[in-house]
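J.: Mind folding the following:
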Amino acid sequence: MENQEKLHQEIAVLWDTYKTCMPDVGHAYDELPAEVYKDGVLKGKTKRLMAVAGALIHGCRACILFQTQNALDAGATAEQILETCAVAISLGGTMAAGETTRVVKFLDEKGLLSQFKE
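T.: Numbers count the residues shown, from 1 in each chain. The predicted structure is shown next:
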């Protein structure tokens with residue numbers, strides 16, 4: 001499996017290029033997540049964990065990486081993300097289980113799984 005951090009960075013650069021080419025679309029797209037993921041009745045971290053589960057079930061590699069990073073940025077722990085993966089696996093079966101390996105590799109590359117290794 002390719003390096004997930006590198007893939008995350010490559011997707012970000014390509015998305016920024018797209019938004020440079022299509023600034024009106026990029027701006028409109030950016031407004032929705034800014035509104036959706038802010039704290040409300042549900043905290044932003046909870047919403048990002050929900051998005052990780054949705055991304056895993058849907059199988060979108062960019063969404064998986066970005067929502068995992070966004071969940072980390074919102075204060076989620078590796079353990080909370082892995083538990084979220086369990087919910088996705090329960091709902092999404094083998095497809096979500098297969099995509100969970102992308103999350104595991106991404107967290108491992110960030111050095112966030114050492115507590116689980118012995």
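J.: alpha carbons only for contacts and neighbour counts from here, please
T.: OK.
J.: what stretches of this structure score poorly on pLDDT?
T.: Scanning the chain with the threshold set as pLDDT under 70 gives 118.
J.: Next, name the residue at the spatial heart of it.
T.: When the chain is reduced to its mean C-alpha position, the nearest residue by C-alpha atoms, centre = their mean turns out to be Gln67, at 2.1 Å.
J.: Once you drop chain neighbours, what's closest to that residue?
T.: Val52 (5.3 Å; C-alpha to C-alpha, 6 or more residues apart in numbering).
J.: now Val87
T.: Nearest to Val87 is Ala53, by C-alpha to C-alpha, 6+ apart, at 6.9 Å.
J.: what helix or strand is the one you found on?
T.: Assigning secondary structure by DSSP states H and E places Ala53 in helix 44-58.
J.: gap between that helix and the chain center?
T.: Distance of helix 44-58 from its chain centroid, counting by C-alpha atoms, centre = their mean, to the nearest Å, is 7 Å.
J.: State the distance from the residue nearest to the centre of the chain to Met1.
T.: 19 Å (C-alpha to C-alpha, to the nearest Å).
J.: what's the distance between the host helix or strand of Thr94 and the middle of its chain?
T.: If you go by DSSP H and E, Thr94 is part of helix 78-109. Average the C-alpha atoms of helix 78-109, do the same for its chain, and the two points are 10 Å apart (C-alpha atoms, centre = their mean).
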